[in-house]
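S.K.: sequence first, predicted coordinates after that:
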Amino acid sequence: MRNIVAGNWKSNKLMNEAREFTDAFLPALDELNGTTEVYIAPPAPYLAALTPSASGRLQWASQQCSAHGAGAYTGEFTAEMVRSAGAQGVLIGHSERREGFGESEEAVRAKVQHALKAGLRVFLCCGESLEQREAGQPERVIFAQLESALDGVSDTSDLVIAYEPIWAIGTGRTASSEQAQDMHQSIRGWLAERFGAPVAAGIPILYGGSCKPSNAEELFSQPDVNGGLIGGASLNVEDFLELVRIADAVSAS
Ligand code: 13P
């Protein structure tokens with residue numbers, strides 16, 4: 001399976017800064033010649049302007065989409081709109097949306113359904129809080145999130161799981177490579193029970209949470225870690241390129 005490195009810009013960068021990033025990033029990415037799939041999820045208003053500037057390797061994603069189809073939903077944008085703006089993927093269920101914007105399990109499930117139907121690659125985010133980890137069995141929290149979000153899903157060819165422990169997001173506190181591998185292995189096990197082992201073996205599971213050039217090699221080398229979903233370090237061209245280089249090197253070794 002090819003590694004994936006995906007950048008989540010969150011609410012950062014103005015349009016001119018996004019263009020400056022891509023102007024520097026795209027030619028440098030084209031020179032790398034690796035196999036890692038690369039995605040960037042910029043603020044949604046920039047998608048249609050940025051998606052024509054593709055390279056062989058860079059694909060674009062939205063940071064979310066509506067739980068509804070087209071209609072009278074002021075301010076919402078549907079999965080089909082994301083696709084028609086030229087994006088190939090969408091992040092769904094990020095903890096910042098679940099916690100900060102009241103995104104319910106039902107909404108996450110509806111978004112997954114809409115996004116898969118629209119032909120988008122779905123980066124389904126899951127993760128436990130520090131409290132939940134310290135209470136023991138954080139796997140149970142993750143399994144419940146997956147169970148709910150993937151209810152009714154049978155075709156996983158466009159599915160990517162992103163494990164993002166909430167206590168590691170933007171805190172500088174990364175999960176150790178053992179903690180990440182343990183959880184990724186558990187997630188793979190859950191996927192195997194749900195979809196069968198051969199299918200589960202082909203579903204990429206990304207790690208997210210303070211992942212940066214200094215810790216990426218160890219994380220990406222774990223057998224069940226297939227790359228990363230990157231926040232802060234995706235805002236800087238050199239850091240993000242270095243993460244792609246590391247993912248390329250790990251899969252070539
Ligand atoms: P940081 O890499 O800034 O911790 O963010 C991770 C994340 O939330 C990516 O979706």
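M.R.: Happy to help now that I have it. Numbers count the residues shown, from 1 in each chain.

S.K.: measure Val160 to Thr174 for me?
M.R.: 20 Å (Cβ to Cβ, to the nearest Å). All C-beta atoms are positioned from the backbone trio N, CA, C, and that covers glycine.

S.K.: Gly189 now?
M.R.: From Gly189 to Thr174 the distance is 23 Å (Cβ to Cβ).

S.K.: for Ala149, same thing?
M.R.: Ala149 is 24 Å from Thr174, by Cβ to Cβ.

S.K.: more neighbours, those two?
M.R.: Set Ala149 next to Thr174 and count neighbours by other Cβ atoms under 10 Å: Ala149 wins out with 26 against 22.

S.K.: next up, the contacts around that one.
M.R.: Contacts for Ala149 were tallied using Cβ atoms under 8 Å, 6 or more residues apart in numbering; they are Ile92, Gly93, Glu105, Val108, Arg109, Val112, Leu124, Cys126.

S.K.: quick check on these: which are buried?
M.R.: Neighbour counting by 16 or more other Cβ atoms under 10 Å classes Ile92, Gly93, Val108, Arg109, Val112, Leu124, Cys126 among the contacts of Ala149 as buried.

S.K.: any chance of these in a markdown table, plus distance to Asp155 and secondary structure?
M.R.: Formatted as a markdown table, the buried ones among the contacts of Ala149 follow (distance: Cβ to Cβ, whole Å; DSSP: H, G, I helix; E, B strand; the rest coil):
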| residue | distance to Asp155 | secondary structure |
| --- | --- | --- |
| Ile92 | 16 | strand |
| Gly93 | 18 | coil |
| Val108 | 18 | helix |
| Arg109 | 15 | helix |
| Val112 | 12 | helix |
| Leu124 | 14 | strand |
| Cys126 | 19 | strand |
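
S.K.: before we move on, back to that, name the nearest of the contacts of Ala149 relative to Val244.
M.R.: When these are ranked by distance to Val244 (Cβ to Cβ), Leu124 comes first, at 22.0 Å.

S.K.: if I look at Ala201, how far off is Ser251?
M.R.: Counting by Cβ to Cβ - Ala201 and Ser251 are separated by 15 Å.

S.K.: equivalent analysis for Asp23, please.
M.R.: 27 Å.

S.K.: same question for Gln113.
M.R.: 31 Å.

S.K.: so who does the closest residue to the ligand within the chain touch?
M.R.: In the chain, the residue that lies nearest the ligand is Gly231 (2.2 Å; Cβ to the nearest ligand atom). By Cβ under 8 Å, 6+ apart, the contact set of Gly231 is Gly7, Asn8, Lys10, Ile169, Gly170, Gly208.

S.K.: quick one: contacts for the last one?
M.R.: Under the criterion of Cβ under 8 Å, 6+ apart, the neighbours of Gly208 are Asn8, Cys125, Gly127, Ala162, Tyr163, Glu164, Ala168, Ile169, Gly228, Leu229, Ile230, Gly231.

S.K.: if we go to 10 Å?
M.R.: 6, 8, 91, 94-95, 123, 125, 127, 162-165, 168-169, 174-175, 180, 219, 227-231 (Cβ atoms under 10 Å, 6 or more residues apart in numbering).
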